[in-house]
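> sequence? don't have it. structure:
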């Protein structure tokens, strides 16, 4: 069983809301074990080995292969769980200001679009002496709209690029830490297979 305790969690995850989310993720660990492809393969191999008998060469091979897949699956789920607990909450916090700015810029685009649409509607019912002034206002509103769309796209792209870069860096660190564990499993299984 894979359990997290306070010593496994960074200090910022000890805040009650984050802690609750981390506990929900880890409580679901057992349910995830058999829902992955490796978990299903492991279960099928072990079940087949029991049906055929573990004493025979095929049953023995299936049993060993099933246990290997189960160990690899455990390591995989551990890695995914650690990413969910250690990486994703930090990314949300680190990028909160950038995301907020991107959302605000989207609202600015919507506001500029509504203003432009309003001016265009007023042009259709305008008196001839006001048409030139409204057309000038429309041109200004169109320029403002184009500017806000460009600004919004830049902010969203920067936010996304930053979040992706941070995610892949932190996920890579976790994968590298799990890699050692997978290597140990491989050595153990190779030793068992040689017996």
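Structure's in. What do you need? Remember, predicted model here, so these are calculated numbers, not experimental data. Numbers count the residues shown, from 1 in each chain.

> return the distance of stretch 68-87 from the chain's centre.
14 Å (C-alpha atoms, centre = their mean, to the nearest Å).

> kindly report the same for stretch 46-63.
Relative to the centre of its chain, stretch 46-63 is centred 38 Å away, using C-alpha atoms, centre = their mean.

> quick one: end-to-end length of that stretch, please.
5 Å (C-alpha to C-alpha, to the nearest Å).

> can you list the buried residues in it?
46, 49, 52, 59, 62, 63 (16 or more other C-beta atoms under 10 Å). Yep, even glycine has a C-beta here, placed from its N, CA and C like the rest.

> hang on, the third one packs against residue 59?
What it means is residue 52. Yes - between residue 52 and residue 59 there is a contact at 4.0 Å, judged by C-beta atoms under 8 Å.

> which intervals of this structure have sub-threshold pLDDT?
Scanning the chain for pLDDT under 70 picks out the ranges 1-34, 86-88, 90-95, 195.

> which helices and strands does the longest helix seen in it pack with?
For the chain, the helix with the greatest residue count under DSSP state H is helix 128-194. Helices and strands touching helix 128-194, by 3 or more C-beta pairs under 8 Å, 6 or more residues apart in numbering; DSSP states H and E, are helix 57-82, helix 88-94, helix 96-124.

> now that helix: how far from the chain's centre is it?
With C-alpha atoms, centre = their mean, you get 11 Å for helix 128-194.
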